[in-house]
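A.B. asks: Provide a 3D model corresponding to the input given below.
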Amino acid sequence: MINRRSMLKATASGAALMGASPLFARRAFAHVDDIANGLLPAGTVEESVLEALPGKKPLIKRAYRPPNYETPTGYFNEAYTPNDAFFVRYHLSEIPEVDAATWQLKVGGDAATKPIAIDFEQLKRDFKPVEFAAVCQCSGNRRGLSQPHVAGVEWGYGAMGNARWKGVPLKDILDKAGVGKSAIEVSFHGADGPPMASTPRFQKSLPLWKAMDENTIVAYEMNGKPLPHWNGFPARLIVAGWTGTYWMKHLVELNVISQPFKSFWINTAYRIPTGKFPVIDRFLTQEAPGSTPITEMVVNSLITNVKPNETVKAGRPMAVRGVAWDAGYGIALVEVSTDGGKSWRDATLGADLGRFAWRQWEHRFTPSKGAHVIMAKATSKTGASQVFDLIWNGAGYHNNVVQRLPIVAA
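C.D. replies: A predicted model of the protein is given here:
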């Protein structure tokens, strides 16, 4: 297991490689916190430092036990987020060091007709692989921007990334284990563990129809390389279009079940008020009066190459760039305003990397002398658009408020 001592040792090594004192580390990513326009809680800004976990570039530390590290937004100028800069999210502090040579995926449950166990070589050898790009985004991305503030990891904009994932359709694995007629859900858990026996293990489930979807896979590669340790080595679940809470890391067990799964992490946590967000996919077997499990991502965008309060050259053309994404329905339009929302222009969309990937975009304009406020608003092919006012909820989920980035042209 990864423990506190090894974490601190790795952090110290990363700082040494940077030649960084704590003060330098804070200055090194001050612009990342500034992009939140002062909305992050003061304590979060004070405690945020750049730290390098083993195998990772320096990321923004939000917590070290369990490890929660945010990607600096500068990396989002790339089509695919580099593996060593991809964000890290754990719920439990006992992080496994899994050996691929001894790893097994057990598949059973009361509605599985032929329970099986698959080792890593069988996973890669006996099933036809697929590969596609998809955004992985923590359900609470931008939670730190909630007003009033809410409990939880106070993420800024960087609890997400876009990568190419290669693996085996979960459907093919379940078919081999036999899916009985009584099946309604598939539950799963990983090898990470709780610090105390009383802490609930991180266990989740999916409705059977989503588990059998062709875009739900057990992945073993990320951007053409084996999964990084901190992103689920040797195999993790990819649930394309849905928030990261279902993307189980270090996957070790699947169960095909005939009753709604009971777990703190689905019955109590990761729930949103029913009907408050424009989502299409619903997890009906886990709905309760007034609340429903969070499922698909809402449409969103991020400006990636402009810093708030940046000074630019008046009269010189400049490009505003960013990314936009949704749950896989497709980005229809990105509009950009350079006057604080008084007028809007269509941005030019970049290459389509796949329905679950983010879409890069660009808008060029020539700023006149004085103050400007840059904004970007994405609209999906379902007609859903980003909002101007936060849809507040107590867990800080689904923050897709249009950014307002002030700049000065001089």
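A.B. asks: contacts, neighbours, all on C-alpha from now
C.D. replies: Noted.
A.B. asks: now could you export just the CA positions of stretch 369-379 as PDB?
C.D. replies: Extracted in PDB, the C-alpha atoms of stretch 369-379 (Å, rounded to 0.1, in the frame of the first residue of the first chain):
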ATOM      1  CA  LYS A 369      -7.500  49.700 -25.700                       C
ATOM      2  CA  GLY A 370      -9.100  49.300 -22.400                       C
ATOM      3  CA  ALA A 371     -10.900  46.600 -20.300                       C
ATOM      4  CA  HIS A 372     -12.500  43.500 -21.800                       C
ATOM      5  CA  VAL A 373     -14.300  40.500 -20.300                       C
ATOM      6  CA  ILE A 374     -14.000  37.300 -22.200                       C
ATOM      7  CA  MET A 375     -16.700  34.600 -21.900                       C
ATOM      8  CA  ALA A 376     -17.400  31.300 -23.700                       C
ATOM      9  CA  LYS A 377     -20.600  29.300 -23.800                       C
ATOM     10  CA  ALA A 378     -21.100  25.800 -25.200                       C
ATOM     11  CA  THR A 379     -24.300  24.300 -26.500                       C
END
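A.B. asks: Okay, buried residues for it please.
C.D. replies: 371-379 (16 or more other CA atoms under 10 Å).
A.B. asks: So which residues of the stretch 151-300 of the chain form strands?
C.D. replies: 160-169, 185-190, 203-207, 216-222, 225-226, 236-239, 251-257, 271-273, 291-293, 300-303 (DSSP state E, counting those that start in this stretch).
A.B. asks: Report the rounded mean pLDDT for the second one.
C.D. replies: Okay, so that is strand 185-190. Mean pLDDT, strand 185-190: 98.
A.B. asks: what does it rub up against?
C.D. replies: 202-208, 211, 248-261 (CA atoms under 8 Å, 6 or more residues apart in numbering).
A.B. asks: Let me know the distance separating the closest residue to Ser263 other than its chain neighbours from Phe356.
C.D. replies: Residue nearest to Ser263 in three dimensions, not counting chain neighbours: Gln203, with 6.4 Å by CA to CA, 6 or more residues apart in numbering. Using CA to CA, to the nearest Å, we find Gln203 at a distance of 24 Å from Phe356.
A.B. asks: pretty sure Pro194 contacts Pro200?
C.D. replies: Yes: here Pro194 lies in contact with Pro200, judged by CA atoms under 8 Å, at a distance of 6.9 Å.
A.B. asks: What is the nearest of the buried residues of stretch 369-379 to Thr338?
C.D. replies: Thr338 lies nearest to Ile374 out of those, by CA to CA, at 4.4 Å.
A.B. asks: will you turn the strands of the stretch 151-300 of the chain into TSV that also has distance to Phe87 and mean neighbour count?
C.D. replies: Below are the strands of the stretch 151-300 of the chain laid out as TSV (distance: least, CA to CA, whole Å; neighbours: other CA atoms under 10 Å):
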stretch	distance to Phe87	mean neighbour count
strand 160-169	6	24
strand 185-190	18	24
strand 203-207	21	22
strand 216-222	13	25
strand 225-226	16	15
strand 236-239	15	26
strand 251-257	18	23
strand 271-273	22	19
strand 291-293	23	20
strand 300-303	16	26
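A.B. asks: Output those as CSV; include the columns distance to Pro58.
C.D. replies: Formatted as CSV, the strands of the stretch 151-300 of the chain follow (distance: least, CA to CA, whole Å):
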stretch, distance to Pro58
strand 160-169, 15
strand 185-190, 26
strand 203-207, 29
strand 216-222, 19
strand 225-226, 20
strand 236-239, 23
strand 251-257, 26
strand 271-273, 32
strand 291-293, 33
strand 300-303, 21
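A.B. asks: Arg62 is nearest to which of those strands?
C.D. replies: With CA to CA as the yardstick, what comes closest out of the strands of the stretch 151-300 of the chain is strand 160-169 (13.8 Å).
A.B. asks: Just the residues contacting that closest one, thanks.
C.D. replies: With CA under 8 Å, 6+ apart, strand 160-169 has contacts from 70-71, 76, 79-82, 86-87, 123-124, 127-138, 141, 214-224, 238, 357-358.
A.B. asks: Pull the contacting residues for the most centrally placed residue in the chain.
C.D. replies: The chain has Gln137 as the residue nearest its centroid, 1.6 Å off, counting by CA atoms, centre = their mean. When contacts are counted by CA under 8 Å, 6+ apart, Gln137 touches 159-161, 243-244.
A.B. asks: go again using 6 Å as the cut-off
C.D. replies: Neighbour list for Gln137: 160, 243-244 [criterion: CA atoms under 6 Å, 6 or more residues apart in numbering].
A.B. asks: Relative to Arg201, how far out is it?
C.D. replies: Gln137 sits at a distance of 21 Å from Arg201 (criterion: CA to CA).
A.B. asks: Quick check: the farthest pair among the buried residues of stretch 369-379?
C.D. replies: Ala371 and Thr379 (26.7 Å).
A.B. asks: Could you look up the SS state of Val323?
C.D. replies: The local conformation at Val323, judged by DSSP: H, G, I helix; E, B strand; the rest coil, is strand.
A.B. asks: can you tell me which residues contact the residue lying closest to Arg164 once chain neighbours are set aside?
C.D. replies: Computed as CA to CA, 6+ apart, the closest residue to Arg164 that is not its neighbour in sequence is Ala133, at 4.1 Å. With contact set as CA under 6 Å, 6+ apart, Ala133 has these partners: 163-164, 357.
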